[in-house]
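Undergrad: sharing a sequence plus its predicted fold:
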Amino acid sequence: MSSNQNQLTFDFDAPASSVPQACHKPRVIQPDIDPTGFSLCPPQAEIGQPAPIPYQLKVSAKARQVYLRVEPGRGLQVTIPKRYAKRSIPALVESQRKWITEALADLDDKTPAIYRQWPPPQLHLAADNTMVNIVYLESASADAATMQWVASDCLQLSVDVTNKELVAKCIAEALKPRARDVLGPWLAGCAQRSGLSYKRMSIRGQRTVWGSFSSSGTLSLNYKLLFLDPNVVDYVLLHELAHTRYLDHSPTFWRFLEQLKPNSQALDRQLKEAGYMVPPWLELAA
C-alpha cells in the first residue's frame with residue numbers, strides 16, 4: 001500500500017522551458033536545514049539573488065524521462081536518465097522554482113508544528129492515543145547515542161541533538177519495538193475477526209508503503225503506522241490481511257475488503273494524505 005507525493009515529468013530531450021506534465025506517485029529531507037528547526041523550504045537569500053534550490057540527484061538506467069519530485073522528509077529529488085546532461089539540471093530546477101517552492105511550502109504547512117521544531121519535543125502516536133515527551137541528555141560522544149523508554153509516554157535520549165540523522169535513527173529504533181507491541185495484538189485481533197491468517201508479522205521502516213504481504217505468508221507493517229488515526233490503521237491491517245486471499249487489487253479484492261472494512265475506498269483515499277502526520281525528519285533514519 002502506497003502513500004502520496006507530487007511529481008513533474010519532462011520528456012528526455014525537452015528544454016528546461018517546456019511545460020511539465022503534473023502527475024502523482026507514492027509519497028514521501030536532506031537539503032540545507034535551519035539549525036533552529038526542520039524545514040524543507042530553500043533558505044532566504046539577499047534581495048535580488050534567489051538562493052539555489054537544494055536537491056538530491058539520482059541517475060537511473062531505467063528512466064526514460066526526467067522526474068522532479070518533492071518528497072516529505074527528503075525535499076526535491078531529481079531523477080535523470082543515464083545520458084541526460086547533468087550540467088543542464090540547475091537550469092531545469094530554476095525554471096520550475098515557483099512550483100518547487102510552493103510544493104515545499106505546502107509540505108511545511110501540512111507538517112504538524114511539533115515536527116517542525118528541533119530537537120523534536122514530542123511525538124503524537126495517534127494509533128494508541130499517546131503524546132510522548134522526549135527528554136534529551138548530553139552524550140559523551142558526538143557519534144554515540146542511547147535511548148530508553150522511562151515510561152509509556154516518555155522517551156529519553158542521550159545524543160548530540162545537532163546530529164539530526166542520529167537523533168532520527170534513535171527515535172526510529174525506539175519506535176519499532178513499540179510498533180510490534182501495539183500492532184502485533186491488533187493484527188492478531190483483525191485476523192481473528194476476519195477469519196484470515198498469516199504466518200508471521202515483521203516491523204519495518206519502508207519509505208513508500210504502509211504494509212505489504214508476501215506469498216510466503218509474511219505480513220510486513222511500517223512502524224510509522226503509530227502516527228496514524230486508529231481507524232486508518234485498522235484499515236491498513238485488514239487491507240494486508242485481505243491479500244492473504246487475493247494477492248492483487250482486482251475488483252474482487254476490493255469487494256472482499258469492503259466486507260471486512262466498510263467504506264474502505266474512502267479510507268484508502270484518506271490514507272494517501274496520512275503521511276503528513278508522520279515526522280518528515282524520520283526519513284533521515286533510513
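TA: Received it, and whenever you're ready, just let me know what you need. On a predicted model such as this, the values are computed, not experimentally measured, just so you know.
Undergrad: C-alpha only now, for contacts and for neighbours.
TA: Fine.
Undergrad: how about the contacts made by residue 196?
TA: 241, 242, 244 (CA atoms under 8 Å, 6 or more residues apart in numbering).
Undergrad: need those in TSV with neighbour count, can you?
TA: Shown next, in TSV, are these (neighbours: other CA atoms under 10 Å):
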residue	neighbour count
241	25
242	24
244	20
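Undergrad: other residues contacting stretch 216-234?
TA: Residues contacting stretch 216-234 (CA under 8 Å, 6+ apart): 124-128, 175-176, 179-180, 190, 198-206, 209-213, 240-241, 244, 267, 270-271, 274, 277-278.
Undergrad: list buried residues within the residues you listed.
TA: 124-127, 175-176, 179-180, 190, 198, 201, 203-206, 209-213, 240-241, 244, 267, 271, 274, 277-278 (16 or more other CA atoms under 10 Å).
Undergrad: just the ones in helices from those residues, please.
TA: Mapping these onto helices (DSSP state H) picks out 175, 176, 179, 180, 190, 240, 241, 267, 271, 274.
Undergrad: including distance to residue 223, could these go into TSV?
TA: Shown next, in TSV, are these (distance: CA to CA, whole Å):
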residue	distance to residue 223
175	7
176	6
179	5
180	8
190	17
240	15
241	17
267	19
271	15
274	14
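Undergrad: nearest to residue 144, of the residues you listed?
TA: residue 175 (18.5 Å; CA to CA).
Undergrad: so the residue lying closest to residue 165 once chain neighbours are set aside, which state does it fall into?
TA: Counting by CA to CA, 6 or more residues apart in numbering, residue 165 lies nearest to residue 284, which is 5.2 Å off, once chain neighbours are set aside. Here residue 284 takes the helix state, with states given by DSSP: H, G, I helix; E, B strand; the rest coil.
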